[in-house]
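> From the sequence below, what's the structure:
(one chain, ligands or ions: 1)
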Amino acid sequence: MIVELLVLVLGLWLYSRLKFVRQMRAIAKLPGLRQGTDLLSFPGNLWNLYLPWTRRFTLYKENGNDTISLVPYFAGRPAVYTSNMDVARQVIGGSHRCDFLKPEEFSQTLLVWGVNLVAADGDTWRTHRKVMGPAFSNSLYEMVWEKTAEIYKDIVHSEGWANRDVVETPVIQDVTFKLALLVLANCGFGFPFSWSSPPTTANGEMSVLEALSEMLKHQLVLMIPKKLWNLPFKALQSAKKSHDLIYAFMQEKVKERQAEIKQDGGFGTKTDAFSLLVRANSQGEKTQLDENELISNIYVLLFAGHETTAHTLAATLAYMCIYPKIQEEVFQQIQSVAGTGTDPIFADQAKLDKVMAIFYEAGRLFPAGWVMIRQAVKDTILEVPNPIGEEGTTSLPLPEGTNVIVDMIGTQINDRYFEEPEKFKPERWYGLAPSDFEKVTTFSVGPRACLGRKFAETEAVCFLTYLMRDYRVEALLSPGETLHGWRERVLDANIMVTLGVKDVPLKFIRRT
Ligand code: HEM
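Numbers count the residues shown, from 1 in each chain. Modelled structure (predicted):
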């Protein structure tokens with residue numbers, strides 16, 4: 001018995017080594033990195049996670065093209081790294097003709113509640129997108145604008161900004177993270193949370209907002225198998241407790257929504273994403289998603305839309321401190337569109353292209369969704385465009401199981417697409433025509449592009465418009481620090497699941 005087991009283990013090991021060698025041979029034709037471990041999986045991620053950031057201006061140039069290979073000697077899989085959008089389009093689409101899927105090993109954090117749109121693939125993804133898609137409509141975006149404006153006014157009032165001419169915020173992320181969470185809670189979940197008085201969970205122990213923040217903070221801990229969730233570690237216990245509270249809260253709300261919609265003859269009047277989702281789900285011949293999937297999809301909006309929007313807003317405000325002339329130009333547009341004495345409204349959004357542009361440009365240089373990971377589900381061929389200046393493509397055969405990593409940091413500073421890519425130049429986005437929609441790659445492109453793009457854009461333009469209408473933004477310098485020193489300190493990446501800038505200390509000076 002022991003001998004048979006050993007033979008089996010040896011056989012499996014040999015099989016995996018042969019597979020590795022085959023993969024390595026195939027992609028080693030592409031120049032690139034040869035090193036001990038890969039970048040994204042354990043243990044390589046412990047010391048390599050920042051490599052795509054720290055070497056962003058040299059990695060591809062040194063290797064002769066914007067698609068390269070990574071062959072690890074000891075741990076991890078060989079992979080193709082690309083900052084080329086044509087290569088990206090071949091792998092990220094998620095259509096039934098696509099030979100690449102999202103590998104499950106990288107989606108574990110998302111599956112805590114069950115299958116959902118972000119983690120699913122193939123036919124399951126199509127079903128989820130079909131149910132989720134209609135929830136993202138103009139009526140939702142209108143609600144996003146109104147709620148963001150309401151929350152902004154609540155911040156000014158509750159934080160005492162209204163009585164001060166100069167407001168100092170040592171970490172602007174404290175504001176942008178809470179704002180993004182509140183907008184999602186109101187417009188995504190339809191829960192009427194306000195800045196100063198959030199509702200509490202059923203047992204009244206903690207606010208739902210606190211439970212959501214707690215769970216988001218510890219989301220990586222919940223990746224361990226559910227059987228181990230009762231282990232006596234503080235972070236795990238706290239994450240589990242908030243998970244259970246939110247789950248109970250969500251279950252109650254699904255039931256409430258279903259009852260409301262039934263009572264209203266299948267319609268209902270609420271326009272938040274949750275209500276629209278529950279309604280869309282009950283309108284088919286049969287229910288398409290089960291209760292866990294519904295909850296999982298609403299939760300995943302939080303995962304996908306919270307840190308991403310909050311980080312990009314923080315980066316945008318940091319850039320405004322560094323470029324006061326651009327800030328003044330944007331302010332002039334806000335004044336000319338919204339005037340004085342009246343509040344900017346949803347219909348103004350289309351005219352506020354300079355506000356949109358600073359958000360796009362900050363998101364280009366600090367892409368919150370910094371990496372997209374796909375895996376070949378069968379042996380396939382990748383068409384790799386030749387280096388700049390050479391026509392045509394080279395066909396690269398890829399064995400099943402090879403990872404293709406779309407490096408969004410590199411993509412968005414690729415000279416193929418941007419002139420002076422290292423510079424903050426929002427004017428590259430001024431007056432963008434609807435046909436140029438996909439020039440903004442921060443949100444990805446194609447059928448699997450960000451479902452929440454318009455949501456994030458509406459929230460960002462609304463918040464920045466109100467804030468910059470009322471205040472001039474300046475860097476809050478440490479004693480003896482210069483603006484250059486502040487820039488060096490702040491405009492650097494902070495990478496976890498998402499990417500953002502370091503803590504941004506700011507001063508708001510009331511405009512007279
Ligand atoms: C600045 C803010 C945001 C950025 C930079 C961003 C970026 C992205 C990117 C790059 C993807 C593609 C990921 C992949 O294919 O692996 C994505 C997908 C997605 N995003 Fe966003 N996102 C933002 C805000 C939001 C918001 C506010 C929501 C929800 C309200 C949201 C919901 C989603 C969903 C549901 C998907 C998955 C779409 C699918 O697979 O069909 N995102 N986002």
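> Now do the same contact list for the nearest residue to residue 117 once chain neighbours are set aside.
Excluding the flanking residues, the one nearest residue 117 by C-beta to C-beta, 6 or more residues apart in numbering is residue 128, at 4.1 Å. Every C-beta, even on glycine, is put in place using the N, C-alpha and C of the backbone. Contact analysis of residue 128 by C-beta atoms under 8 Å, 6 or more residues apart in numbering lists 115-117, 120, 289, 293, 297.
> Spatially, and excluding backbone neighbours, which residue is closest to residue 135.
Residue 135 sits nearest to residue 276 (C-beta to C-beta, 6+ apart), 3.8 Å away.
> isn't the one you found right up against residue 140?
Yes - counting by C-beta atoms under 8 Å, residue 140 is a contact partner of residue 276 at 6.9 Å.
> Return the residues of this protein in contact with the ligand.
92, 117-118, 129, 188, 301, 304-305, 308-309, 312, 363, 368-369, 372, 442-444, 448, 450-452, 455-456 (C-beta under 6 Å from any ligand atom).
> quick one, what contacts residue 441?
Residues in contact with residue 441, defined by C-beta under 8 Å, 6+ apart, are 85, 408, 411-412, 417.
> mean confidence score for the host helix or strand of residue 308?
Using DSSP states H and E, residue 308 maps to helix 291-322. Over the span of helix 291-322, the pLDDT mean works out to 92.
> any idea how far the following helix or strand past it is from the chain center?
Scanning forward in sequence from helix 291-322 by DSSP H and E, the next helix or strand is helix 324-338. What separates the centre of helix 324-338 from the centre of its chain is 28 Å, taken as C-alpha atoms, centre = their mean, to the nearest Å.
> Which elements pack onto helix 324-338?
Other helices and strands packing on helix 324-338, by 3 or more C-beta pairs under 8 Å, 6 or more residues apart in numbering; DSSP states H and E, are helix 291-322, helix 353-365, helix 453-470, strand 471-475.
> From one end of stretch 316-334 to the other, what's the distance?
The first residue of stretch 316-334 is 16 Å away from its last residue (C-alpha to C-alpha, to the nearest Å).
> In the stretch 51-200 of the chain, mark out all the strands, start to finish.
Ranges of strands within the stretch 51-200 of the chain are 67-75, 79-82, 100-101, 166-169, based on DSSP state E, counting those that start in this stretch.
> now swap in the stretch 351-500 of the chain and tell me
Assigned by DSSP E, counting those that start in this stretch, the stretch 351-500 of the chain shows strands spanning 371-376, 380-385, 393-398, 403-407, 471-475, 493-495, 499-501.
> would you turn these into a markdown table with mean neighbour count and mean pLDDT?
Output for those, formatted as a markdown table (neighbours: other C-beta atoms under 10 Å; pLDDT from 0 to 100):
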| stretch | mean neighbour count | mean pLDDT |
| --- | --- | --- |
| strand 371-376 | 22 | 94 |
| strand 380-385 | 18 | 95 |
| strand 393-398 | 15 | 94 |
| strand 403-407 | 25 | 96 |
| strand 471-475 | 20 | 97 |
| strand 493-495 | 17 | 95 |
| strand 499-501 | 24 | 97 |
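> Export these to CSV and append columns for distance to residue 330.
Shown next, in CSV, are the strands of the stretch 351-500 of the chain (distance: least, C-beta to C-beta, whole Å):
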stretch, distance to residue 330
strand 371-376, 30
strand 380-385, 36
strand 393-398, 40
strand 403-407, 30
strand 471-475, 10
strand 493-495, 24
strand 499-501, 19
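> Quick check, residue 365 in contact with residue 413.
Yes - Residue 365 lies in contact with residue 413 (C-beta under 8 Å); the separation is 7.3 Å.
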